[in-house]
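**Student:** Sequence plus predicted model, see below.
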Amino acid sequence: MKQQGEESVKHKPCIENEDLLRLKESAVMSPSAPQGLLNNVWFHITLYFCRRGREGQRNLKKSSFVFLQDENGNRYATMAHDEASKNHQGGLSDNTVSFEKLGRMYQTEHPNDEYNALCLYLEKLNPVCSAFFQYPKRSWKGPQEGVWFENRCLGVNKLGDMMKFLSKAANLSKIYTNHSVRATAITLWSDAGLSNRHGPRRVLAQTAKTRGGILEVPAY
């Protein structure tokens, strides 16, 4: 898989480790306000689950994720459904492991923790809108509000430019695209030699100097 992974992402620039750390610590990823919460959730869902394309992101629903505990009692989020049949359209071979099915987003103690952000995001979404990605409220009055988002879904063009927006907002060393996030995730997996023939393994996503940010592959 490592060779396959390298071949599939070599034409897409991965996000440099320094920029991953900078983004993780940036105020633009703070879940304390609607825009930061959206930024945090969008980035980590794309990173952890290699969510393909802006159309695929646009079709996500509130029910697309489930929250579980592993054998050690550690909490994590994973996708409730597997769209591996679509993943190969993004450049991966048919034999490549389904990242959407196997990825686990573990809870950590980081202030910008992605697991907690996802939980909060689902709690604050507009109940009238069925789409997972919604526009932040323009008239947001504070964290005490029950709903932080509008009854309006983010369109494919807005979703398609998310990483460019984050690159500028977090003052990263270069302007990355959405493809870069997915390429980064695939590279992390392939560098660890993970394939559908391997047993349990963990890969530390270089998003913070903590024990958080784990992509886990259970026994296959």
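**Tutor:** Yep, that arrived.
**Student:** Give me the below-cutoff pLDDT ranges for the chain.
**Tutor:** 1-11, 50-55, 81-102, 189-220 (pLDDT under 70).
**Student:** Tell me which residues of stretch 141-156 come out buried.
**Tutor:** Buried residues in stretch 141-156, defined by neighbour count with 16 or more other Cβ atoms under 10 Å: V147, W148, F149, E150, C153, L154. Using the backbone N, CA and C atoms, a C-beta is placed for each residue, glycine as well.
**Student:** from memory the fifth one sits against V128, does it?
**Tutor:** What it means is C153. No: judged on Cβ atoms under 8 Å, C153 makes no contact with V128 at a distance of 10.9 Å.
**Student:** Straight-line length of stretch 26-33, end to end?
**Tutor:** This stretch, stretch 26-33, spans 13 Å end to end (Cα to Cα, to the nearest Å).
**Student:** How is P143 assigned, secondary-structure-wise?
**Tutor:** The local conformation at P143, judged by DSSP: H, G, I helix; E, B strand; the rest coil, is coil.
**Student:** who touches it in this structure?
**Tutor:** With contact taken as Cβ atoms under 8 Å, 6 or more residues apart in numbering, P143 is in contact with S32, A33.
**Student:** in this protein, which spans are strands?
**Tutor:** Ranges of strands in the chain, per DSSP state E, are 65-69, 75-79, 105-106, 134-136, 149-153, 201-204, 214-217.
**Student:** show me the contacts for T177.
**Tutor:** Taking Cβ under 8 Å, 6+ apart as the test, what T177 contacts is K12, M163, K164.
**Student:** what number of residues lie near the closest residue to V28 other than its chain neighbours?
**Tutor:** The spatially closest residue to V28, leaving aside those adjacent along the chain, is A169, at 4.3 Å (Cβ to Cβ, 6 or more residues apart in numbering). Look at A169: counted by other Cβ atoms under 10 Å, it has 16 neighbours.
**Student:** which stretches of this structure form helices?
**Tutor:** Using DSSP state H, the helices of the chain run over 2-9, 17-25, 34-49, 53-58, 84-87, 99-102, 114-124, 156-160, 162-169, 178-191.
**Student:** Let me have those in CSV, adding distance to F133 as columns.
**Tutor:** Compiled in CSV, these are given as follows (distance: least, Cβ to Cβ, whole Å):
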stretch, distance to F133
helix 2-9, 24
helix 17-25, 18
helix 34-49, 7
helix 53-58, 6
helix 84-87, 18
helix 99-102, 16
helix 114-124, 10
helix 156-160, 6
helix 162-169, 9
helix 178-191, 13
